[in-house]
Each structure stands twice: as structure tokens, then as C-alpha cells.
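Asks: Below is the sequence, then the predicted model.
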Amino acid sequence: MTKNHDFGELMRMVDEGRFDELTARGVTMGGGPTDLDKGWLKAPGTWHCAHYFKQTQADQIGPDGHGRVRHWKALCGVEAVTSDRIPMFGAGNWRHCQLCQQQLRRKRP
């Protein structure tokens, strides 16, 4: 981010879902923690794009107070593990994985 961006204003834009406006300003931000079990999501540690994830498992309790552990797999094959303490996030205005987009188009009539 450049110095002319007001972080508080940017966060308000995220809270209001104004991701197109963020993109127009050249700012990339993810959404907040989400309870979705599939969709365009941003896993911690995937820095290049949002993937179309589906939750594959959610029946483990993690160590050291991490809460429920969730396993995810994207249409492109990327796998992720999240927990209550380190959650999955909404995609925000991150670009979408091209491989996931191709797989999603093939699945839809």
C-alpha cells in the first residue's frame, strides 16, 4: 500500500463488500473469516490467488487450543488446513485461480 491510503477507510470498504472499488485503487485485500464450507476462499499461506475450496473434513480437534481443525481441497488440487484459531477467509478481491475457474466451468452445464 502507498502512503495515500487510509487503512481505516480500506477496512470499512472490506466490511461493506466494496471490493471493486478496492481493485480500482490498486489495493488487494481478503475478506474476513468465513463459515462457508465451499466457494472462492483464501487460505492462510496461499499468497498468489483465491481458490475454489471445498471442506473435506472437520472432525478433529487441534492441539494447544487451536479448536476444530478443517481440511480443504481446491478444484485445482491445492490443499489447506485451517482451524478455529487460524481460519479460512473470504476471497475479497484476490484474483481467482485460473485452474479452479477452468474446473468449475467444466462442472457446470
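Replies: Yep, that arrived.

Asks: mind listing what the closest residue to residue 19 other than its chain neighbours touches?
Replies: Nearest residue to residue 19 in three dimensions, chain neighbours excluded: residue 93, at 3.7 Å (Cβ to Cβ, 6 or more residues apart in numbering). C-betas here are computed from N, CA, C, even on glycine. Neighbour list for residue 93: 19-20, 22-23, 27-29 [criterion: Cβ atoms under 8 Å, 6 or more residues apart in numbering].

Asks: hmm, which of these are the buried ones?
Replies: In the contacts of residue 93, burial by neighbour count holds for 19, 22, 27, 29, counting by 16 or more other Cβ atoms under 10 Å.

Asks: Now intersect the residues you listed with the strands, please.
Replies: Assigned to strands by DSSP state E, none of these qualify.

Asks: per-residue pLDDT, the residue nearest to residue 19?
Replies: At residue 93, the model reports a pLDDT of 90.

Asks: any idea whether it is helix, strand or coil?
Replies: coil (DSSP: H, G, I helix; E, B strand; the rest coil).

Asks: Can you name the residues in contact with stretch 54-73?
Replies: Contacts with stretch 54-73, where a contact means Cβ under 8 Å, 6+ apart, come from 37-38, 41, 43, 53, 74-75, 79-86, 88.

Asks: where does this structure dip in pLDDT?
Replies: 1-5, 109 (pLDDT under 70).

Asks: rewinding a little: possible to save the contacts of residue 93 as TSV with distance to residue 101?
Replies: Below are these laid out as TSV (distance: Cβ to Cβ, whole Å):
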residue	distance to residue 101
19	17
20	18
22	20
23	17
27	22
28	18
29	20
